[in-house]
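In: what follows is a predicted structure for the sequence shown.
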Amino acid sequence: MGDQPHETPIGLGVKPGVVTTEAPAGLRIELPVVGMTCASCVARVEKGLARVPGVHRATVNLATERATVFVEPGVADRDDLVRAIVETGYEVPEPEEDATATASDAGRDRLTARLVVSAALTVPLAAISMIPALQFGGWGWLALALATPVWLWSAGPFHRAALRQARHLDASMDTLVSIGTTAAWAWSVVALARGAGREAMGGMDMGSSSDLHLYFETGAVIVTLILLGRWFEHRARRRSGDALRALLSLGARTATLVDGREVPAERLTIGDRFVVRPGERIATDGRIVEGASAVDVSMLTGEPVPEEVGVGDEVIGATINTEGRLVVEATRVGADTALAQIARLVEEAQGSKAPVQRLADRVSAIFVPIVLLIALGTLVAWLVLGGSADDAFTAAVAVLIIACPCALGLATPTAIMVGTGRGAQLGILIKGGEVLEATRAVDAAILDKTGTITTGRMALIDVVAAPGVDEAVLLRRAGTLEDASEHPIARAIAAGARDRGVAIGSPDAFRNEAGIGVIGTVDDVETRVGRAEWVGEVPDALTAAIDAADARGASVVFAGWDGSVRGALVVADTVKPEAAAAVRALHDLGIETVLVTGDREAPARWVAREVGIDRVVAGVLPAGKVDVVRTLRDEGRTVAVVGDGVNDAPALAAADLGIAIGTGADVALEASDLTLVSGDPRGAGDAIALARRTLATIKGNLFWAFAYNVAAIPLAALGVLNPAIAAGTMGFSSVFVVSNSLRLRRFTPRR
């Protein structure tokens, strides 16, 4: 997408490379938003923008870190929107700095720096605090020196977020981190100062850990571990924002006009005529006015067979001309092209798919205020009931420390890291924790055909010779001619002949008739391979074979000489050997399967029968696949999409769960939630099973993290637990959470 902010009247065109969306009449303004970390951030920015007078609609995309706002011209402008975002506590880079990728990379670099500093200081701090043999006279002051930068600088974003949320009467994980680390640091400073005073009066030994209860390492460890989790999440989210850039990069960069001038593709206007040579991408949508060829449209339909086109036929921008020279007249340019519309579908689907609200954040919104009230109530109750100020403060701090989210902070990232690590070992890439909850309720899976269930490569599956014709002779002559052609069907026939042990050579003469077939001399005989009406009369004996091929949707190529068809060569995309097992695995998980493809009805139904798929929807383009997703949702289903092509990208992004075959197009991988690196469709069932197991582990972790705190808080308030025991309880809960997460390493795939 464009790096600079832009304001575009809807329907009047856009800057090169920028995708607009259908929207209420008005002005579209895009702004980068820096500092968002979760779904609550997105909701807060959207609410702030919605309050600006003149705003028709505001959507914020966490993956791309951009806000898209439609405003009434003359009522609201960019400055008003920037002011609203800043007031909610987030930042908008200046126009000259406004590059989404640059802003995101800068945020990652700042996060990395905080993580490195925090880890470097926390390791020696934890060692000196937890190993008595390393402690010496005055070690507490070294602990203070190590802990303070971690609390003040590394945890700075948590403190700022907590203050920002407090101004809006809100709370989240950031609030818990800020309160817990501040309580641990402040209590330790007070304890250190009091210990120093007592040592000066000869009352204690500052080198003895039994006399000095400090919790500097508690806050530092919390900060380091949570920063590590945020770093992994940021990396995964940044990758998901590349989908639109990957999609738009498929378009042609330049176009050659009929007068020989080469111009940037985005400068074409309706009515311009341009030349497309063999192997070149078509610069924009248009109509052929000269020439004939075969056009590779697999980026749109996912099908491997190029479409034969000639004068008067419509062609789509970014598709590839495989054979003849074409002259195309532009009929759609800019935001109106098919490629731009696919990009718009991906953008809208990503923006409308609400990021998962962390369960910890939802609970903490209630948990944090309750903990604060309990701590305050504990302090007041002890003082009112005649307890000493020391006892009152100790009990109140124990409540805060026991509520410190060490285990809570580990609950999600450790399970995600172990689960995704195990997935990577199995060739399953999971894009962050947001994906996991989507797998819980999935009960319908849309499967693409070509490249997902089938190999996506044409193969010679049958050879039917006419009566009296030697099959080897038929294959040698047809294979020799087809070996001189670059057409995918021709390559399949030549390869099939070789696989059957037939020796093929070079024709004595060869000519390609675009869209019809090839003709040449083999064995001193003029041979033709192509369409039946061009090759010759078809014998009745071949009719049954032709009908059988048509029933399964295969392509039939005829070969002949002396004016008669001498045989039929049947070519088709073949089903992956593991496809049937993949479908069974999904059925075992309680998931209905639906085959949705741009191919014709006959081959689609044949493939579905072969592998056991429940339903078939054939002959659909990318927008149609999104419609199928919406239809299933209207039926109350939670939908997963498994695909590999550019044509699958909008559906992958629109689905509750997108699963991309790793051998497919980059844009499909970027728009998906899960990626199967190996290309084995059986991995779809394994991916869903692993994601469900990981989600269950996260929920178990969160339950026990809260259970320990909830059980221990009353004891801390009653003075039964001092801060040292409270810290020990936190440590135990953290060990439990980590151990529970490590169980995911034993996940075994069905395949």
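Out: Good, I have the coordinates. Numbers count the residues shown, from 1 in each chain.
In: what segments of the stretch 451-600 of the chain are helices?
Out: All helices of the stretch 451-600 of the chain, identified by DSSP state H, counting those that start in this stretch, fall at 471-482, 488-499, 532-535, 543-551, 579-588.
In: nearest approach to residue 737 belongs to which of those helices?
Out: Evaluated with Cβ to Cβ, the helices of the stretch 451-600 of the chain place helix 579-588 nearest to residue 737, the distance being 30.3 Å. Heads up, the C-betas are built off the backbone N, CA and C, glycines and all.
In: counting by contacts, list what the closest one packs against.
Out: If you count contacts as 3 or more Cβ pairs under 8 Å, 6 or more residues apart in numbering; DSSP states H and E, helix 579-588 packs onto strand 592-596, helix 601-611, helix 683-717.
In: restricting to C-alpha, output the second one in PDB.
Out: The one in question is helix 601-611. Output of helix 601-611 as PDB, limited to C-alpha atoms (Å, rounded to 0.1, in the frame of the first residue of the first chain):
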ATOM      1  CA  GLU A 601     -19.000 -28.700 -12.000                       C
ATOM      2  CA  ALA A 602     -18.000 -32.100 -13.500                       C
ATOM      3  CA  PRO A 603     -14.400 -32.300 -12.300                       C
ATOM      4  CA  ALA A 604     -15.300 -30.700  -9.000                       C
ATOM      5  CA  ARG A 605     -17.900 -33.400  -8.200                       C
ATOM      6  CA  TRP A 606     -15.600 -36.200  -9.400                       C
ATOM      7  CA  VAL A 607     -12.900 -35.000  -7.000                       C
ATOM      8  CA  ALA A 608     -15.400 -34.600  -4.200                       C
ATOM      9  CA  ARG A 609     -16.500 -38.200  -4.600                       C
ATOM     10  CA  GLU A 610     -13.000 -39.500  -4.800                       C
ATOM     11  CA  VAL A 611     -12.000 -38.000  -1.400                       C
END
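In: one step back: out of the helices of the stretch 451-600 of the chain, deepest packed?
Out: helix 471-482 (a mean of 23; mean count of other Cβ atoms under 10 Å).
In: that one vs helix 488-499, what angle?
Out: Taking axes from the mean of the first three to the mean of the last three Cα atoms, to 10 degrees, one finds helix 471-482 and helix 488-499 inclined to each other by 140 degrees.
In: can you list the neighbours in contact with helix 471-482?
Out: Defining contact as Cβ atoms under 8 Å, 6 or more residues apart in numbering, one finds that helix 471-482 is touched by 463, 465, 489-491, 493-494, 496-498, 500, 502-507, 510, 518-520, 522-523, 525, 527, 529, 557, 559, 561, 566-567, 569.
In: now do that helix: distance to the chain's middle.
Out: Put simply, helix 471-482 sits 47 Å off its chain's centre (Cα atoms, centre = their mean, to the nearest Å).
In: could you give the mean pLDDT of it?
Out: Confidence over helix 471-482 (mean pLDDT, whole number) is 92.
In: right, so of the helices of the stretch 451-600 of the chain, which gets closest to residue 411?
Out: Closest among these, using Cβ to Cβ: helix 579-588, at 29.0 Å.
In: so the closest one versus strand 592-596, what angle?
Out: 140 degrees.
In: just the residues contacting helix 579-588, thanks.
Out: By Cβ under 8 Å, 6+ apart, helix 579-588 touches 445, 447, 453-454, 593, 610-613, 680-686, 688, 750-751.
In: filter the residues you listed down to the buried ones.
Out: 445, 447, 453-454, 593, 610-611, 613, 680-686, 688, 751 (16 or more other Cβ atoms under 10 Å).
In: if any of the contacts of helix 471-482 are buried, put those into a ChimeraX selection.
Out: The ChimeraX command for the buried members of these (criterion: 16+ other Cβ under 10 Å) is given here:
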select :463,465,489,490,491,493,494,496,497,502,504,507,510,518,519,520,522,527,529,557,559,561,566,567,569
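In: narrow the contacts of helix 471-482 to those in strands?
Out: Among the contacts of helix 471-482, DSSP state E puts 463, 465, 510, 518-520, 522, 525, 527, 529, 557, 559, 561, 566-567, 569 in strands.
In: identify the farthest-apart pair in those residues.
Out: It's 465 and 510 that sit farthest apart of those, by Cβ to Cβ, at 22.7 Å.
In: which SSE is immediately downstream of the helix or strand of the chain with the lowest mean pLDDT?
Out: Every helix and strand in the chain was compared by mean pLDDT, DSSP states H and E; the lowest is strand 7-9, with a mean of 32. Using DSSP states H and E, the helix or strand that follows strand 7-9 towards the C-terminus is strand 27-32.
In: how many neighbours does residue 639 have?
Out: 27 (other Cβ atoms under 10 Å).
In: can you give me every residue that contacts it?
Out: Residues near residue 639 by Cβ under 8 Å, 6+ apart: 442, 444-446, 629, 632-633, 655-657.
In: again, only using 6 Å
Out: Contacts for residue 639 (Cβ atoms under 6 Å, 6 or more residues apart in numbering) come out as 444, 629, 632, 655-656.
In: re the thing from before, could I get the helices of the stretch 451-600 of the chain as TSV with distance to residue 119?
Out: Shown next, in TSV, are those (distance: least, Cβ to Cβ, whole Å):
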stretch	distance to residue 119
helix 471-482	62
helix 488-499	53
helix 532-535	72
helix 543-551	64
helix 579-588	41
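In: for these, which has the smallest mean pLDDT value?
Out: helix 543-551 (a mean of 81).
In: can you count the residues close to residue 422?
Out: 20.
In: now name the helix or strand holding it.
Out: Judged by DSSP H and E, residue 422 forms part of helix 406-425.
In: cool, residue 53 as well?
Out: Short version: residue 53 belongs to no helix or strand, going by DSSP H and E.
In: tell me the pLDDT of it.
Out: 92.
In: and for the one 4 residues further on?
Out: In the predicted model, residue 57 carries a pLDDT score of 85.
In: for it, give its distance to residue 69.
Out: 7 Å (Cβ to Cβ, to the nearest Å).
In: okay, and the common contacts of the two?
Out: By Cβ under 6 Å, 6+ apart, no residue touches both residue 57 and residue 69.
In: more neighbours: those two, which one.
Out: Taking neighbours as other Cβ under 10 Å, residue 57 and residue 69 compare with residue 69 leading, 29 against 16.
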